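# sequence? don't have it. structure:
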């Protein structure tokens with residue numbers, strides 16, 4: 001063997017990048033996505049809640065021919081506390097409303113002032129007229145006067161706690177316009193969120209391809 005040895009130079013190995021799980025950079029990249037998804041969930045939940053309020057307070061009563069009222073006093077507590085929205089349907093037979101039914105009636109026939117109480121007794125007068133005795137669940141004694149079927153505006157269909165407070169804050173002559181405005185705003189907001197989600201889905205493959213190219 002020759003005394004002069006030939007030396008072969010080997011290229012130094014390239015450093016291997018080992019991703020560190022749970023690194024700060026990964027957390028910072030994931031955080032905006034988590035916040036964005038959380039914001040979308042909250043926004044859609046808000047839209048669903050507003051839609052439910054509109055359905056319960058306006059849409060369903062209008063379609064069914066029912067009438068919404070707001071409980072203003074505590075006479076029907078604990079079942080119907082103040083601020084409750086009660087929706088009444090016309091009685092199928094005003095002369096035969098069962099005892100125990102919650103009704104909304106006019107204090108005097110033709111008077112717009114109404115009361116929502118429970119029928120606790122019924123009778124037929126000597127001249128054949130049906131009358132009802134009502135009482136608030138939280139009142140110690142019945143109402144002072146018997147009422148006639150013509151005074152009954154409707155029987156309780158369903159009730160929604162707290163929703164009646166919205167009706168008190170908004171004047172009755174602007175309810176319809178308010179519904180249109182709220183429904184329009186919700187529709188625009190929902191459409192913008194939907195379009196934003198579609199744009200994110202289209203951009204996601206491009207971002208992934210860009211990251212692979214940089215690697």
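Right, received. Where do you want to start? Nothing here was measured: the structure is a model prediction, and the numbers come from that model.
# now the strands for the chain?
Here the chain has its strands, by DSSP state E, at 67-70, 85-89, 102-106, 114-124, 130-135, 152-160.
# Take those strands and write them to CSV, including mean neighbour count, mean pLDDT and distance to residue 52.
C-beta coordinates here come from the backbone N, C-alpha and C atoms, glycine included. Putting these into CSV (neighbours: other CB atoms under 10 Å; pLDDT from 0 to 100; distance: least, CB to CB, whole Å) gives the following:
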stretch, mean neighbour count, mean pLDDT, distance to residue 52
strand 67-70, 19, 90, 14
strand 85-89, 21, 93, 12
strand 102-106, 21, 96, 23
strand 114-124, 17, 96, 22
strand 130-135, 19, 97, 31
strand 152-160, 19, 94, 9
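# of all the ones you listed, which lies closest to residue 145?
Nearest to residue 145 among these is strand 130-135; the distance by CB to CB comes to 8.8 Å.
# Contacts for that closest one next, please.
95-97, 103, 105, 115, 117-125, 141-143, 146-149, 152 (CB atoms under 8 Å, 6 or more residues apart in numbering).
# Test my guess that residue 94 contacts residue 152.
Yes. Between residue 94 and residue 152 there is a contact at 5.5 Å, judged by CB atoms under 8 Å.
# For these two, list the residues in contact with both.
If you check residue 94 and residue 152 against CB under 8 Å, 6+ apart, no residue is contacted by both.
# Can you check the pLDDT for residue 113?
Residue 113 is assigned 89 on the pLDDT scale.
# Apart from its chain neighbours, what residue comes closest to it?
The shortest distance from residue 113 to any residue other than its chain neighbours is 5.1 Å, reached at residue 107 (CB to CB, 6 or more residues apart in numbering).
# cool, and residue 117?
residue 134 (4.0 Å).
# Likewise for residue 135?
Residue 135 sits nearest to residue 142 (CB to CB, 6+ apart), 4.2 Å away.
# can you tell me which residues contact the one you found?
Per CB under 8 Å, 6+ apart, neighbours of residue 142: 120-121, 133-135.
# Per-residue confidence, it, what does it come out as?
For residue 142, the model assigns a pLDDT of 97.
# again with the one 3 residues further on
At residue 145, the predicted lDDT confidence score is 94.
# ditto for residue 7
49.
# check contacts around residue 143.
With CB under 8 Å, 6+ apart, residue 143 has these contacts: 115, 117, 133-136.
# rerun at 10 Å
75, 105, 107, 115, 117, 120, 132-136 (CB atoms under 10 Å, 6 or more residues apart in numbering).
# can you check residue 105 too?
88, 114-117, 119, 132, 134, 143, 147-154.
# Any chance of a markdown table for the strands of the chain, columns distance to residue 55?
Output for the strands of the chain, formatted as a markdown table (distance: least, CB to CB, whole Å):
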| stretch | distance to residue 55 |
| --- | --- |
| strand 67-70 | 12 |
| strand 85-89 | 11 |
| strand 102-106 | 21 |
| strand 114-124 | 21 |
| strand 130-135 | 30 |
| strand 152-160 | 10 |
